[in-house]
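1. Structure of the sequence below:
(one chain, ligands or ions: 2)
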Amino acid sequence: MHVQYVKKSSEDKDAIEYVLTDHLRLSGMYWGLTSLDLLGRLDVVDADEICDFVQRCWVPDVGGYAPCVHHDAHVLYTLSAVQILALFDRMELIDRDAIASFLNSLQRESDGAIMGDEWGEVDTRFAYCALSISTLIDRPRCIDRGKVVEWIDKCKNFDGGYGSDPGGESHAGQVFTCVGGLALCDAVDRIDHFFLGWWLAERQVKAGGLNGRPEKLPDVCYSWWVLSSLCIMGKMHWIDQKALARFILGCQDDKKGGIADRPDDEPDVYHTFFGLAALSLMGFPGIKPIDPVFALPTHVCERIGVMRTAADGTVVGRKENPTSTKGESAEP
Ligand code: GRG
Ligand code: ZN
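-> Residues are numbered from 1 along each chain as shown. Ligands and ions are numbered 1, 2, ... in the order given. I've put the predicted structure just below:
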């Protein structure tokens, strides 16, 4: 039913939900397509048609991808584009050097922060995206990873969590971007493992689901943002996984498929993906394993030879250490 739900959500292009999500189209496609791959049914979509659409979102003057045709390039959608092409094993379509140069232009000289686009907003989400893209396209030195690590470190709070920028409130979504980003830089030693592990475990509420910060309602998407962070830190056993799985399963729509943010709400592709992804991390039968750092099926990470997390929780990666300085332009 989830396969049918995801497939249908991309077919009805006149639906109001579809028309109103143009501005995040490539990310929506990544959520839906990764869901299909995790369920072993990527074959229900037309790979050529999708890759052609992705390439029409390419903005050559910038060297990045826009969320949709006629929109502006942004690091968020550049990651989604690369992830979609990785899913379909079409990485040869990517202009790696142009993207590397775009990412390089997004790093602030002053403090190493990463901007989302030329307009200058910075956020730990953008740092994660740049680190993930540069690893996926094998251009690790296009940004100064050491300086990104220092900036992420400044986003760490007294409670062990991370916010969107220095001084920003700890939020489970931003925690994923920082923990994932640090893992991509071989710098998880910067994390306060005990405090952050405790803060993340505290996200579980009585209903079994996880929230994004204290006193908030549980929501299926935090099953991913929290659990993937715990997974990278080797602490998934710090929460009650059975109760979490029960909460996610209780958010399924048993009439039309799909997963909602919480029981009895309308399902959507975003919560369907993050619900399935969390179930995957917990080894749920019938769902392929997912990599907690790249948020891609592990078979895709293995195929393109990028870092992945071993069963014992340790992060392994390319043989070379990608930590380097921005000035070094030569790529392996
Ligand atoms: C490849 C998986 C992947 C991610 C790319 C974009 C990005 C990098 C990460 C986003 C991380 C993030 C900030 C997630 C949180 C999204 C969310 C549910 C925000 C809602 O926040 P509030 O404060 O909701 O409106 P609450 O739950 O606190 O009421
Ligand atoms: Zn949510």
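2. CA atoms for contacts and neighbours, from now on please.
-> OK.
3. What residues of the one helix or strand Phe53 maps to count as buried?
-> Using DSSP states H and E, Phe53 falls within helix 47-56. Burial within helix 47-56, assessed by neighbour count using 16 or more other C-alpha atoms under 10 Å, is assigned to Ala47, Ile50, Cys51, Val54, Gln55.
4. Same check on stretch 74-89?
-> By neighbour count with 16+ other C-alpha under 10 Å, stretch 74-89 contains the buried residues 74-88.
5. shaky segments in the chain?
-> Residue ranges of the chain with pLDDT under 70: 307-332.
6. Report the outermost residue of it with respect to its centre.
-> Most distant from the centre of the chain: Lys255, at 28.5 Å, with distances by C-alpha atoms, centre = their mean.
7. what does the helix or strand harbouring Ser223 contact?
-> According to DSSP H and E, Ser223 maps onto helix 220-232. Helix 220-232 is contacted from outside by 172-173, 175-176, 179-180, 183, 197, 200, 203, 209-212, 236, 238, 244, 247-248, 251, 260-262, 270-271, 274-275, 277-278, 281, 292-293, 309, 313-315, using C-alpha atoms under 8 Å, 6 or more residues apart in numbering.
8. wait, what's in contact with the closest residue to Asp111 other than its chain neighbours?
-> Closest residue in space to Asp111, ignoring its immediate chain neighbours: Trp151 at 6.5 Å, by C-alpha to C-alpha, 6 or more residues apart in numbering. For Trp151, the contacting residues are Asp111, Gly112, Ala113, by C-alpha under 8 Å, 6+ apart.
9. one more time with 10 Å
-> Going by C-alpha atoms under 10 Å, 6 or more residues apart in numbering, Trp151 touches Asp111, Gly112, Ala113, Ile114, Thr124, Ala127, Arg145, Asp165, Pro166, Cys178.
10. before we move on, back to that, kindly format the C-alpha coordinates of the helix holding Phe53 as PDB.
-> Only the C-alpha atoms of helix 47-56 are listed here, as PDB (Å, rounded to 0.1, in the frame of the first residue of the first chain):
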ATOM      1  CA  ALA A  47      14.000   6.100 -14.200                       C
ATOM      2  CA  ASP A  48      14.800   8.000 -17.500                       C
ATOM      3  CA  GLU A  49      11.900  10.300 -17.100                       C
ATOM      4  CA  ILE A  50      12.900  11.200 -13.600                       C
ATOM      5  CA  CYS A  51      16.600  11.700 -14.400                       C
ATOM      6  CA  ASP A  52      15.600  13.900 -17.300                       C
ATOM      7  CA  PHE A  53      13.500  16.000 -14.900                       C
ATOM      8  CA  VAL A  54      16.400  16.200 -12.500                       C
ATOM      9  CA  GLN A  55      18.700  17.400 -15.200                       C
ATOM     10  CA  ARG A  56      16.200  20.100 -16.200                       C
END
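11. Please enumerate residues in contact with that helix?
-> 25-26, 29, 33, 57, 65-70, 77-78, 80-82, 84-85, 87-90, 93-94.
12. Now with 7 Å, please.
-> Val69, Ala81, Leu85, Phe88 (C-alpha atoms under 7 Å, 6 or more residues apart in numbering).
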